[in-house]
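**Q** Output the structure for:
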Amino acid sequence: MDNKRLSVDPTSYTSLLQLIARAESNDNYNAYFGSPNNSTIKFTEMTISDVLAWQADFVQQGNASSAVGRYQIIDTTLSELVQQLGIDAQHKFDQDMQDRLAIALLERRGAEEYINKELKREEFATNLAMEWAALPKITGANPTASYYDGDGLNQARVGIPDILRAIDPIRAK
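**A** Numbering: from 1, shown residues only. I've put the predicted structure just below:
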């Protein structure tokens with residue numbers, strides 16, 4: 001019997017990435033916390049190092065979150081991903097990079113475990129809600145709320161059926 005682990009076909013993430021992007025940033029690669037429709041600051045033309053510096057300045061100015069880009073990645077998560085993936089911080093924070101980082105977050109939250117049937121769909125969705133505040137937490141008390149509900153900053157912006165539907169197309173290579 002073959003016990004080989006399955007890996008995810010990255011093209012099967014499309015529906016889920018689109019849902020997260022719509023909920024987090026109005027599908028805007030240049031969005032930042034408090035400005036989902038930003039078209040002035042071009043994060044897609046900045047290096048990751050420049051984005052991290054911008055995030056630090058933004059928070060230092062008294063803003064409540066450092067979230068930027070299509071997937072609203074905060075500074076600590078961006079730093080962790082750069083280190084984990086061995087990314088040169090001089091690389092542009094362009095659309096391809098933001099998508100790559102989001103896929104890494106999907107995988108960190110259990111995409112491979114999900115397709116290997118080690119996580120149920122609802123458990124994977126709950127893990128995703130721990131990463132993206134605009135997603136409902138799916139399980140526990142008040143499952144339609146954001147995992148971060150009550151922090152004064154975040155709320156779920158999609159319904160449970162929407163997130164579950166977006167997870168369904170994920171498949172193995």
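**Q** Show me the shaky parts of the chain.
**A** Residue ranges of the chain with pLDDT under 70: 1-2.
**Q** which stretches of it form helices?
**A** Secondary structure of the chain (DSSP state H): helices at 14-25, 48-60, 75-85, 95-108, 111-115, 121-131, 160-167.
**Q** wait, which of those is closest to Val8?
**A** Across these, Val8 has its closest neighbour in helix 111-115 (5.0 Å, CB to CB). Yep, even glycine has a C-beta here, placed from its N, CA and C like the rest.
**Q** Only the buried residues of that closest one, if you could.
**A** Buried residues in helix 111-115, counted by 16 or more other CB atoms under 10 Å: 111-115.
**Q** Adding distance to Ser79, write these out as JSON lines.
**A** As requested, these are exported to JSON lines (distance: CB to CB, whole Å):
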{"residue": "Ala111", "distance to Ser79": "22"}
{"residue": "Glu112", "distance to Ser79": "23"}
{"residue": "Glu113", "distance to Ser79": "25"}
{"residue": "Tyr114", "distance to Ser79": "26"}
{"residue": "Ile115", "distance to Ser79": "28"}
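**Q** any idea how far the closest residue in space to Gly152 that isn't next to it in sequence is from Gly140?
**A** Spatial nearest neighbour of Gly152, excluding adjacent residues (CB to CB, 6 or more residues apart in numbering): Ala64 at 7.9 Å. Applying CB to CB, to the nearest Å, the value for Ala64 to Gly140 is 25 Å.
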